[in-house]
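J.: One predicted model, sequence on top.
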Amino acid sequence: MDATDGPPVLKLGVEDAIAGLALSTEAHWNQTEEDWRVFLHDGVVFGIRDGARLVATAALLPYSGNNAWISMVLVSATHRRRGLATRLVDACLETARKNGLTSWLDATPDGVAVYGPLGFTPTLQLRRLKLVKSAQMATRPPSSATLEALRARDRRATGLDRTALLSAFAQRPGSRIVSANGAIALVRDGRTARHIGPVFADHAAAALALVNAVAQSQERPLLIDAVASQAAFLEGLTASGWTIERPFQRMRFGPATPAAEETPFAVAGPEFG
């Protein structure tokens, strides 16, 4: 796993949450300390240090059904182009292989060029959108929904039991599970913006109406990671003032898993799937 001519790949602990947050903040990502604690507590996070300083990370977050998510692949600007990210992803893949896990990740266009040759297969595409709101009076937010309702819909759409992850999200201060007209979504705080997702609905109009209701009740900037194949939903977001920031390509390493019963309108985030 570890090259002999470089610093060792280490397993990190929950005490490294702040150091991890410093890396994702340097990259201008939206994760919070609580997000890092999910990876460090429920998954395996590999890191490389330069002295006492954490300079690179990659996380493997196991889910049900022999699946796992690879994310938080970060390298400080001072240590890039040294092969650190490749070593850390290799560590994640080796751990997944040893445990019989199919690995998933959401890659940027640059990442696709890296992960494709490693054997990752492209699946669905995502679009990260942002809504920057001007100061206005907040309107009444949509109705609250239960964690169980969200968990059940998430399992139908992903084929995974992500009760632990969704519970951790829902229990944070400021988080809400909201629903209307057959649509349901989770809204939570991020470092610089509130995040909407996952979002499930019976049709695009219901998903869009729920997201618009959430947006009208918020004063902070908002982020959402929409599924690109949900074209009507994506078009409705851009017509409502959301701007596309970047694409992501979902990729799989390992055997295919059973098809989901429905396609979500937005996901929990590229770091969580």
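T.: On my side now, so go ahead. Numbering: from 1, shown residues only.
J.: in what helix or strand does residue 93 lie?
T.: helix 84-98 (DSSP states H and E).
J.: outside of that helix, which residues touch it?
T.: Identification of contacts with helix 84-98 by C-beta atoms under 8 Å, 6 or more residues apart in numbering yields 1-3, 6, 9, 44, 46-48, 55-60, 68, 70, 73-75, 101-103, 114-115, 118, 253-254. All C-beta spots, glycine's among them, are computed from the backbone N, C-alpha and C.
J.: what residues go with each domain of this structure?
T.: Listed domain ranges for the chain are 10-100, 127-253 (source: automatic domain parsing).
J.: Make JSON lines from those domains and add mean pLDDT to it.
T.: What follows is the domains of the chain, written out as JSON lines (pLDDT from 0 to 100):
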{"stretch": "domain 10-100", "mean pLDDT": "96"}
{"stretch": "domain 127-253", "mean pLDDT": "93"}
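J.: Same list, those, but as a markdown table with mean neighbour count please.
T.: Listed next are those as a markdown table, based on neighbours: other C-beta atoms under 10 Å:
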| stretch | mean neighbour count |
| --- | --- |
| domain 10-100 | 18 |
| domain 127-253 | 18 |
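J.: and those as JSON lines, adding distance to residue 261?
T.: Below are the domains of the chain laid out as JSON lines (distance: least, C-beta to C-beta, whole Å):
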{"stretch": "domain 10-100", "distance to residue 261": "14"}
{"stretch": "domain 127-253", "distance to residue 261": "4"}
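J.: So which residues of the chain form helices?
T.: 17-26, 33-42, 84-98, 109-118, 147-158, 163-170, 204-216, 231-239 (DSSP state H).
J.: Give me the distance from the fourth one to the chain's centre.
T.: This points to helix 109-118. 18 Å (C-alpha atoms, centre = their mean, to the nearest Å).
J.: for it, packing partners?
T.: Judged by 3 or more C-beta pairs under 8 Å, 6 or more residues apart in numbering; DSSP states H and E, helix 109-118 is in contact with helix 84-98, strand 102-107, strand 243-253.
J.: Quick one: neighbours of the residue nearest to residue 35 when sequence neighbours are not counted, just the number.
T.: Nearest residue to residue 35, sequence neighbours excluded (C-beta to C-beta, 6 or more residues apart in numbering): residue 271, at 7.1 Å. Residue 271: 22 surrounding residues under other C-beta atoms under 10 Å.
J.: Next, count neighbours for residue 125.
T.: 14.
J.: How about the contacts made by it?
T.: 227-229, 247-250.
J.: how about a cut-off of 10 Å?
T.: 106, 226-229, 247-250 (C-beta atoms under 10 Å, 6 or more residues apart in numbering).
J.: Let me have those in TSV, extended by distance to residue 220.
T.: Formatted as TSV, the contacts of residue 125 follow (distance: C-beta to C-beta, whole Å):
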residue	distance to residue 220
106	23
226	19
227	23
228	25
229	28
247	24
248	22
249	28
250	27
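J.: Looking at those, spot the one nearest residue 122.
T.: residue 249 (5.4 Å; C-beta to C-beta).
J.: what is that closest one paired to in the beta sheet?
T.: Here residue 249 shows beta-bridge partners residue 107, residue 125, assigned using DSSP bridges.
J.: pretty sure it contacts residue 104?
T.: No. Taking contacts as C-beta atoms under 10 Å, residue 249 lies outside contact range of residue 104: 11.3 Å.
J.: Give me the distance between the residue lying closest to residue 193 once chain neighbours are set aside and residue 97.
T.: Distance criterion C-beta to C-beta, 6+ apart; nearest residue to residue 193, sequence neighbours excluded, is residue 221 at 4.0 Å. Look at residue 221 and residue 97: by C-beta to C-beta, to the nearest Å, they are 39 Å apart.
J.: Likewise for residue 206?
T.: 41 Å.
J.: Residue 189 is in contact with the residue nearest to residue 193, correct?
T.: No. Using C-beta under 10 Å, residue 221 is not in contact with residue 189; the gap is 11.4 Å.
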